[in-house]
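Enquirer: Compute the structure for the input listed below.
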Amino acid sequence: MEVLLAYKGVIVFAWLLSLFVLERIFPASTLKDKREWLEKYVPVRVRRNICLWCCNLLLSPFVVIPLTIWATIHVIGWRPDVLSGGVGIIVDIILLDCLIYWWHRINHEIPFLWRFHEIHHLDMNLDTTSALRFHFGEVIISALMRVLVIVLFDIPLVSVIIFETILLIATIFHHSNLRLAHGVEKVLSMFIVTPEIHWVHHHALRRDTDSNYGTVFSFWDKIFRSRSDTKRTLNMKIGVEGARDKSLLQLFLKPFMMRKD
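Expert: Prediction:
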């Protein structure tokens, strides 16, 4: 298990670092009014996103990993032999991605969950670090939900680790500001979620925010009729409709504050 987690960490960090550099060399969208080097390549929002990520990294060995291991030990035990080996891993990846689609969608539809998930959407620009920007409350709630899924569906630990590696790679990719050839992205979007698809999900227009919930595979939104007809434009407004991003402390506190509406 330790070896798999180590491989996962190395692969994801290498992918993140590579896209972080590439999207700054070949950006799809540029902020022309940013002249200072630090603010151009590592702006305040990026540093804020990284701080949120570091907080969640601290939760991983104390909350997420122990809960995941506990769940894989306490599975119901109904898994048939046909779902062993490579076949089982493929089935698990498809199943888990479908369940992530619905969990993501529920986070938008249930006000209590949206309080935490909104922190991710308050980012007013998108790049690889946006994929790391989640409130610690959402991470804890998602970890508890993962326990339920693993126990009920009898998911082995190896499938969980492989899927989470794919999930993180996909999430970093479709949040990225990397410029891609239109033909390449069009082909990729037939199978997986690309920036062109996911940027619409971050459009600061609620009807678009509540669409395009897919994470790895792009067909779930078509199947469940949640695909937006809006096409991405590089100048589209990103964020939450009627709201602006907050300071780091305000982002930590926002889900717990009394709402005026």
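Enquirer: Could you list every helix and strand in contact with the host helix or strand of residue 10?
Expert: Per DSSP states H and E, residue 10 falls inside helix 2-25. Under the contact criterion of 3 or more CB pairs under 8 Å, 6 or more residues apart in numbering; DSSP states H and E, helix 2-25 touches helix 157-175. (Each C-beta comes from the backbone N, C-alpha and C, glycine too.)
Enquirer: repeat that for 10 Å
Expert: Packing partners of helix 2-25 (3 or more CB pairs under 10 Å, 6 or more residues apart in numbering; DSSP states H and E): helix 37-41, helix 44-59, helix 157-175.
Enquirer: most neighbours per residue, which of those helices?
Expert: Highest mean neighbour count among these (mean count of other CB atoms under 10 Å): helix 157-175, with a mean of 20.
Enquirer: Residue 195 versus residue 172, what's the distance?
Expert: Distance from residue 172 to residue 195, counting by CB to CB, to the nearest Å: 11 Å.
Enquirer: Overlap in contacts, these two.
Expert: Common neighbours of residue 172 and residue 195, counting by CB atoms under 10 Å, 6 or more residues apart in numbering, are residue 127.
Enquirer: if we can go back for a sec, mind checking which of the helices and strands packed on helix 2-25 is nearest residue 222?
Expert: Nearest to residue 222, of all the helices and strands packed on helix 2-25, is helix 157-175, at 16.0 Å by CB to CB.
Enquirer: average pLDDT for that closest one?
Expert: In this model, helix 157-175 has a mean pLDDT of 96.
Enquirer: give me the low-pLDDT residue ranges for this protein?
Expert: Under the criterion pLDDT under 70, the flagged ranges of the chain are 1, 31-41, 259-261.
Enquirer: Let me see the ranges of the helices in it.
Expert: Taking DSSP state H, the helices of the chain run over residues 2-25, 37-41, 44-59, 65-73, 85-109, 111-121, 136-153, 157-175, 182-188, 195-201, 206-209, 219-223, 248-253.
Enquirer: Make JSON lines out of those and add distance to residue 129.
Expert: Below are these laid out as JSON lines (distance: least, CB to CB, whole Å):
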{"stretch": "helix 2-25", "distance to residue 129": "7"}
{"stretch": "helix 37-41", "distance to residue 129": "11"}
{"stretch": "helix 44-59", "distance to residue 129": "4"}
{"stretch": "helix 65-73", "distance to residue 129": "23"}
{"stretch": "helix 85-109", "distance to residue 129": "19"}
{"stretch": "helix 111-121", "distance to residue 129": "11"}
{"stretch": "helix 136-153", "distance to residue 129": "16"}
{"stretch": "helix 157-175", "distance to residue 129": "8"}
{"stretch": "helix 182-188", "distance to residue 129": "21"}
{"stretch": "helix 195-201", "distance to residue 129": "14"}
{"stretch": "helix 206-209", "distance to residue 129": "19"}
{"stretch": "helix 219-223", "distance to residue 129": "24"}
{"stretch": "helix 248-253", "distance to residue 129": "13"}
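Enquirer: Please identify which of those is closest to residue 233.
Expert: So among those, helix 195-201 is nearest, using CB to CB, at 9.0 Å.
Enquirer: tell me the most buried of the helices of the chain?
Expert: Buried most deeply of those, by mean count of other CB under 10 Å, is helix 195-201, with a mean of 23.
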